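Novice: Take this sequence and fold it.
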Amino acid sequence: ILHPAFSIYIVTCNVIPTSKMCAQPCDFLFRGGTVVDGTGAPPFIADVAVRGDRIEQIGALDVQAREVVDVAGLIVTPGFVDIHTHYDGQVTWDPFLSPSTQHGVTTVLFGNCGVGFAPCKRQDRKKLIDILVSVEDIPGTALHEGIQWSWESYPEYLESLSKLRTACDFMTMLPHVPLRVYAMGDRAQGTPTEEDLHCMRELVAEAMQHGAAGFSTSRTLMHRDLEGVPISGSYASREELIQIFAGMADGGGGLFEILEDFADVDREIDWMGSLSQAFRIPVSFALAAREAEDEKKLLKWMEDVNRVARTELITAQTAAKTQGSLQSLQSKYHPFAGHPTFIDQLAHLPHTALVSAMRSPKMKATLLSEPSVFADAPFARVIFNPANLFPLIDGEGVPRYERVRMQESFAALAKAQKVDAMSLIYDALVQGTVLWAPLEAATELHDKVELMLHKHVRIGLGDGGAHLGIFQEAGCPTFMIAHYARDRNFGVGRVPLERIIKMLTMDTANLCGLTDRGQIAVGQRADLNVIDLSKLNLTTPYVVDDLPNGAKRWMQSANGYKLTMLAGQITFANGQPTGALPGRLVRHPLRPHLHVRTLDQIVGGLSELRGPEPRSTNDQLVEDAQLVGGASAMRRAFDANRAEKISSVGQFLSGELLRTGAAGSKL
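Specialist: Below is the predicted model:
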């Protein structure tokens, strides 16, 4: 027995008979580990032999090896596959794609949410960078300084990426924004002509043919440019979407990824379902917080479509936990960042001098006595509200992301101690405490667990490489194993370890067509993690200035990873990089597994595909200063209030937090 939560079985499986074994020693032999193989099967004790970049044998092995690694008492898992990241820029300057690789991730997919950097004409580089700054909160200075542009077309982009050497494999999508900008130029926010649509279809086909993993788009009004305008493609017509699907089919197919508001669920499932089934192209959409009835409708729709198709055409993505704003005196965001004295006298100080100044009782009295420039802005009532603000680290020194609001918030703690909540927060910040403010109404994760366990839902939305000044969610694999499989004592309690590992490996790998990885089996890629489950934990998040041009970001490491292997090479040992960089671009992984139909092959052609126009975005607009909701909205609201400027266009916010956070009724 490895841990009281799990039953471990000793079995022999996938063993090649001794007479057929190669006389030469294998490269690595992992001896006596508890294998959690990614399939969802119960853990079992076995040896794992690796030769080259493949798993050669599994079982009770009597073989020679160049390196024998004793992993008794440790778990051995496949490398994790993260399907929703934004390393589009970072991959060009950071071969470790940190911090994802510090959490056992061996394959990532970027180019999500319709934003990215290819195709791109020279004159449009700044435009695409500005979009990533606004939508994904990636510092523009880092992108301008860090990206080494050597491409214009999408095939040239892939060729540039293929020369990189990294600590994990990576795939990339063709995003909608650069496609439109490339095809339409300065008219990219307008309605495309027939010639534009023809051009886009050809460009999509070209991208699929040369290795794109799929296509991504955003249809949420939370995603806007620096001027407050919804990003290009947000209002794409059904005809445009048909031509994009047609281009994907012409190029052999891929995954169609979408983030949207679902303002009219019936209309949205009509076009997504119709086009996916007609072209036989899989669709994966973000299942963000929304009305319970809409969520039930979406889940049932997925089940119905997939049952009729006899394959998994439609999947949803959900985050592993509630996303939240991280705050400290080293970050851009904290409850005193909007106080006039802080802005005038403290904000420019180095961290040590800032802490010293704030230790003064006089400074504390001054800051507590004055109102924030954010006043009663809705976003501030969410991320700076003592009733929605928590000390992130628990009594055992471990970050905790599942909380009981009425007992653990700063408001609750202050009430119990009979002190002022803002005074308690002030002292915590000065002491170096990291604060956490969830961006959703729910702080207990019962609904999240139920959603994760749905057969057509995949773990995504970790946003590695994005929202760098607001939160750090790339450590979700570590959180899921340590919290859901080992520690959780809320509601229904733990999720079986083997189920969690399957979610992080085979389920996400199969979604992208990566049938050569995601499980521990003979012939599979030797992408492996060796983990000390008893010591596995997230570390306290911290701020670093390691981006190009010294830009800051939140980082979070982990304890408990003994080693990570990619393609038969150890890339991390005891949490530290070894210097091995076997990671490569993976081209069109899904295409060989699809049986797409081109537009010419669809009975009825265009007339069969036409129907109600999409209505993914809602009609309600909220000025920037009044925003509340996801990370992009929070950043824009903060900037708008601090600059005391309000955009004339504004931004949309959706979901439960719109109704609860803005009204303040549940926070």
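Novice: Quickly find the element holding Ser325.
Specialist: Assigned by DSSP states H and E, Ser325 belongs to strand 324-327.
Novice: helices or strands up against the following helix or strand past that strand?
Specialist: Downstream of strand 324-327, the first helix or strand assigned by DSSP H and E is helix 340-341. When contacts are defined as 3 or more CB pairs under 8 Å, 6 or more residues apart in numbering; DSSP states H and E, helix 340-341 packs onto helix 361-369. In short, each C-beta sits where N, CA and C put it, glycine included.
Novice: by contact count, what packs against the helix it packs on?
Specialist: Using 3+ CB pairs under 8 Å, 6+ apart as the contact definition, the elements that helix 361-369 packs against are helix 340-341, helix 351-358, helix 421-430.
Novice: Now do that helix against helix 351-358, angle only.
Specialist: Interaxial angle, helix 361-369 versus helix 351-358 (axes from the mean of the first three to the mean of the last three CA atoms, to 10 degrees): 80 degrees.
Novice: Centre of the chain to whichever helix or strand comes after helix 361-369, how far?
Specialist: Next along the chain after helix 361-369, taking DSSP H and E as the criterion, comes helix 378-383. Relative to its chain's centre, helix 378-383 lies at 23 Å (CA atoms, centre = their mean, to the nearest Å).
Novice: pLDDT on helix 378-383, on average?
Specialist: Mean pLDDT, helix 378-383: 86.
Novice: Mean confidence (pLDDT) on the longest strand seen in the chain, please.
Specialist: For the chain, the longest strand by residue count, based on DSSP state E, is strand 26-35. Regarding strand 26-35, the rounded mean pLDDT is 98.
Novice: tell me what that strand is packed against?
Specialist: strand 44-51, strand 54-59, strand 65-70, strand 75-78, strand 528-531.
Novice: okay, the ones you listed, which one's buried deepest?
Specialist: strand 75-78 (a mean of 28; mean count of other CB atoms under 10 Å).
Novice: Identify the bridge partners of Gln57.
Specialist: Ala49 (DSSP bridges).
Novice: hang on, isn't it packed against Pro25?
Specialist: No: the criterion here is CB atoms under 8 Å, and Gln57 misses it with Pro25 at 12.0 Å.
Novice: Mutual contacts of those two, please.
Specialist: Val63 (CB atoms under 8 Å, 6 or more residues apart in numbering).
Novice: among the helices and strands packed on helix 361-369, which is the most enclosed?
Specialist: The highest mean neighbour count among the helices and strands packed on helix 361-369, using mean count of other CB under 10 Å, belongs to helix 421-430: a mean of 19.
Novice: Just list what that helix packs against, helices and strands only.
Specialist: On a contact count with 3+ CB pairs under 8 Å, 6+ apart, helix 421-430 meets helix 351-358, helix 361-369, helix 410-417, strand 435-438.
Novice: so who does Leu585 touch?
Specialist: Neighbouring residues of Leu585 by CB under 8 Å, 6+ apart: Leu158, Leu161, Ser162, Leu164, Asp169, Phe170, Met171, Thr172, Gly211.
Novice: What is the helix or strand containing Lys126 packed up against?
Specialist: Assigned by DSSP H and E, Lys126 belongs to helix 125-136. Using 3+ CB pairs under 8 Å, 6+ apart as the contact test, the elements touching helix 125-136 are helix 140-146, helix 176-184, helix 631-642.
Novice: same thing but 10 Å
Specialist: Judged by 3 or more CB pairs under 10 Å, 6 or more residues apart in numbering; DSSP states H and E, the packing partners of helix 125-136 are helix 140-146, strand 174-175, helix 176-184, helix 631-642.
Novice: can you give me the helices for the stretch 201-350 of the chain?
Specialist: Listed in chain order, the helices of the stretch 201-350 of the chain (DSSP state H, counting those that start in this stretch) span 238-250, 265-279, 292-309, 340-341.
Novice: ok, and what's touching the third one?
Specialist: Read that as helix 292-309. 262, 265-266, 268-270, 272-274, 276-277, 280, 282-283, 285, 287-291, 311-316, 447, 451, 454-457, 655-656 (CB atoms under 10 Å, 6 or more residues apart in numbering).
Novice: export the contacts of Leu585 to CSV and tack on distance to Pro582?
Specialist: Output for the contacts of Leu585, formatted as CSV (distance: CB to CB, whole Å):
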residue, distance to Pro582
Leu158, 19
Leu161, 15
Ser162, 14
Leu164, 12
Asp169, 8
Phe170, 12
Met171, 16
Thr172, 18
Gly211, 19
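Novice: And the buried ones among the residues you listed, selectable in PyMOL?
Specialist: Typed into PyMOL, the next command selects the buried ones out of those (criterion: 16 or more other CB atoms under 10 Å):
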select buried, resi 158+161+169+170+171+172+211
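Novice: What sits closest to Glu402 if chain neighbours are left out?
Specialist: With sequence-adjacent residues excluded and distances taken as CB to CB, 6 or more residues apart in numbering, Glu402 is closest to Leu445, at 5.0 Å.
Novice: before we move on, what about Ala72?
Specialist: Nearest residue to Ala72 in three dimensions, chain neighbours excluded: Gly32, at 3.9 Å (CB to CB, 6+ apart).
Novice: thinking the one you found is in contact with Asp70, fair?
Specialist: Yes: between Gly32 and Asp70 there is a contact under CB atoms under 10 Å: 6.7 Å.
Novice: burial measure for Ser360, as a count.
Specialist: Other residues near Ser360 come to 11 when the count uses other CB atoms under 10 Å.
Novice: who's in contact with it?
Specialist: Contacts of Ser360 by CB under 10 Å, 6+ apart are Thr366, Val430.
Novice: And it, how close does it get to Thr366?
Specialist: For Ser360, the distance to Thr366 equals 9 Å [CB to CB, to the nearest Å].
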